[in-house]
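> could you look at this predicted model? Sequence included:
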Amino acid sequence: MTNLEETILTLVNLALDDLYKNDAYLLETDSSEESMVFHFGRYLINHLEKNTLFDKCNVDCEYNRNIFNEKMYKEIFYDNKNHRIFPDIILHERGSNHNNLLAMEFKKSSNRDTQGKRNDILKLKALTDSHLNYKYKMGLFVRFGKIRRTVNIELFMDGKLIKDR
């Protein structure tokens with residue numbers, strides 16, 4: 001893993017720390033996943049802005065663009081149909097596929113939808129596959145727990161699960 005990738009993982013963990021410190025209410029009351037992801041994104045942006053490595057990068061939610069076109073991923077075929085991809089959070093440079101750093105999918109621990117997780121994992125594998133269009137350096141599947149120490153993170157690189165943290 002490169003220094004850049006290690007830095008991204010550190011900043012993701014700092015953002016998770018902030019979320020659990022400042023917005024514990026959302027997690028304790030099983031609020032909407034979207035609300036949790038929104039606040040996580042705010043904290044991630046705060047940490048990225050302190051690091052000049054990410055000056056040209058943007059954090060986006062539910063992003064559906066591939067440069068100027070809608071992001072269609074015909075290479076992802078499951079459940080007998082093609083699926084569009086709208087990652088929960090991405091770290092990238094808008095208007096290019098040359099600096100796609102991180103794609104993230106989130107689920108709450110209370111979400112027992114195994115098909116939803118399976119779909120998110122397939123998306124992360126495809127988004128990080130160097131043989132396909134988008135070539136994100138990293139993909140993270142984050143399962144929110146009620147408390148910080150119960151958060152589970154799965155790391156994907158080059159279309160494969162690298163480690164479960």
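Received it, and whenever you're ready, just let me know what you need.

> and the nearest residue to Glu154 once chain neighbours are set aside, what does it touch?
Of all residues beyond its chain neighbours, the one nearest Glu154 is Phe141 (4.2 Å), with distances taken as CB to CB, 6 or more residues apart in numbering. Every residue, glycine included, has its C-beta placed from N, CA and C. The contact partners of Phe141, taken as CB atoms under 8 Å, 6 or more residues apart in numbering, are 104-107, 117, 120-121, 124, 153-154, 156.

> and Phe141, what are its bridge partners?
Partner residues in beta bridges with Phe141: Glu105, Glu154, with DSSP bridges as the criterion.

> please determine how far it is located from Asp129.
Distance from Phe141 to Asp129, counting by CB to CB, to the nearest Å: 15 Å.

> go on, Thr10?
Here the criterion is CB to CB. By it, Thr10 lies 25 Å from Asp129.

> neighbour count winner among those two?
Asp129 (20 against 12; other CB atoms under 10 Å).

> what is the biggest helix by length in the chain packed up against?
Taking residue count as the measure and DSSP state H as the definition, the longest helix of the chain comes out as helix 3-22. Of the remaining helices and strands, those touching helix 3-22 by 3 or more CB pairs under 8 Å, 6 or more residues apart in numbering; DSSP states H and E are helix 33-48, strand 102-108, strand 138-144, strand 152-157.

> helix or strand with the lowest mean pLDDT in this protein?
Among the secondary structure pieces of the chain, namely its helices and strands, strand 72-78 has the lowest mean (mean pLDDT, DSSP states H and E), a mean of 48.

> counting neighbours, what do you get for the nearest residue to Lys146 once chain neighbours are set aside?
Nearest in space to Lys146, with sequence neighbours left out and distances taken as CB to CB, 6+ apart, is Leu27 at 5.7 Å. Residues near Leu27, counting by other CB under 10 Å, number 22.

> quick check: phi and psi at Leu27.
As for Leu27, its main-chain torsions (degrees, to the nearest 10) stand at phi -80, psi -40.

> got the buried residues for stretch 133-140?
Neighbour counts using 16 or more other CB atoms under 10 Å place 134, 136-140 of stretch 133-140 among the buried residues.
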